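Undergrad: model this:
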Amino acid sequence: MELPKEEQHYNSEAQIILNQQIIDHRLVYRSGKRIFDFVASLLGLIILSPLFLLVAILIKLDDPSGPIFYSQVRIGRNGKRFNMFKFRSMVVDADKKLNKLLKYNDVDGAMFKMKDDPRVTGVGRIIRKYSIDELPQLANVLLGHMALVGPRPPLEREINGYTTFDKQRLMVTPGCTGLWQVSGRNDVGFHEMVRLDIEYIKKSNFSYDIWIMFRTVGIMIRPNQAY
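TA: This is a model prediction of the structure:
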């Protein structure tokens, strides 16, 4: 008899436990990854600047009174807070409207996702579909807040609902993309996302990161279930 998803998740705590010391002592990988991320994010910001300008114009045409960029406090490695940047894809007062929408959450666990979120703007729906709204996070990578590849950086309210098992996601620098994003994204529930992130942390190496980045480019061209 198959266990319910929740019970499967908590039973898995005894099966996968990461070691922070082992992760911290992977100095060659971590240093090489940081150098690659710095160079790649800098080049990315330069090469994609025409696209940034186009998206900025479209956002302003769609909603002249609102800002182009959206900044949100996220939780990074070892619980460190930072401001994550995105193109604004929702109405200006989106955060204030969240509490009324929580009951319509399309995913289980400590994360909110709603397929037909009424807060998303017309332009926002397009840039979210192709993950273009995430591109300003290259600035976070340049500043060292994020890596190109890693677990999705959670919100503080999400952390409040984490188990000890879930908190293992915070042992490494969060990423712009990761195994979750290339494995179905919004079709994957919270607990499966956590499992994929921990699987990534266990297996992470240069070739694995490159593979995930290539998969990410493919998904941006032919979108999966992003919303």
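
Undergrad: where does Lys115 fall, helix, sheet strand or coil?
TA: coil (DSSP: H, G, I helix; E, B strand; the rest coil).

Undergrad: now do Tyr70
TA: strand.

Undergrad: Skipping adjacent residues, who's closest to Pro136 in space?
TA: Phe85 (4.0 Å; CB to CB, 6 or more residues apart in numbering). Glycine gets a C-beta too; all of them are placed from N, C-alpha and C.

Undergrad: what's the answer for Leu101, then?
TA: Leaving aside its sequence neighbours, Leu101 sits nearest to Met114 (CB to CB, 6+ apart; 6.1 Å).

Undergrad: Correct me if wrong: that neighbour contacts Lys100.
TA: No: with contacts counted by CB atoms under 8 Å, Met114 stays clear of Lys100, the gap being 11.3 Å.

Undergrad: So which of these two has more stuff around it?
TA: Taking neighbours as other CB atoms under 10 Å, Met114 and Lys100 compare with Met114 leading, 17 against 9.

Undergrad: what residues are up against Gly175?
TA: Counting by CB atoms under 8 Å, 6 or more residues apart in numbering, Gly175 makes contact with Met146, Ala147, Leu148, Val149, Gly150, Pro151, Arg152.

Undergrad: 6 Å - rerun?
TA: Ala147, Val149, Gly150 (CB atoms under 6 Å, 6 or more residues apart in numbering).

Undergrad: For those, give me JSON lines that also has pLDDT.
TA: JSON lines is the format used below for the contacts of Gly175 (pLDDT from 0 to 100):
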{"residue": "Ala147", "pLDDT": "98"}
{"residue": "Val149", "pLDDT": "97"}
{"residue": "Gly150", "pLDDT": "96"}
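
Undergrad: and the residue nearest to Leu101, backbone torsions?
TA: phi -130, psi 120 (degrees, to the nearest 10).

Undergrad: Tell me which residue lies nearest the centroid of this protein.
TA: Arg152 (3.3 Å; CA atoms, centre = their mean).

Undergrad: ok, and for stretch 127-135, which residues are buried?
TA: Ile127, Arg128, Lys129, Ser131, Ile132, Asp133, Glu134, Leu135 (16 or more other CB atoms under 10 Å).

Undergrad: Not counting its own residues, what contacts it?
TA: Lys86, Phe87, Ser89, Met220, Pro223, Ala226.

Undergrad: Top of those by number of neighbours, please.
TA: Top of the contacts of stretch 127-135 by neighbour count (other CB under 10 Å): Ser89, with 25 neighbours.

Undergrad: ok, the nearest residue to that residue once chain neighbours are set aside - how many residues close by?
TA: Spatially, and ignoring its direct neighbours in sequence, Ser89 is nearest to Gly124 (3.0 Å; CB to CB, 6+ apart). Using other CB under 10 Å, the number of residues around Gly124 comes to 24.

Undergrad: which helices and strands does the helix or strand containing Leu54 pack with?
TA: For Leu54, the element it lies in under DSSP states H and E is helix 49-62. Packing contacts for helix 49-62, counted by 3 or more CB pairs under 6 Å, 6 or more residues apart in numbering; DSSP states H and E, involve helix 122-129.

Undergrad: That's all I had, so thanks and see you.
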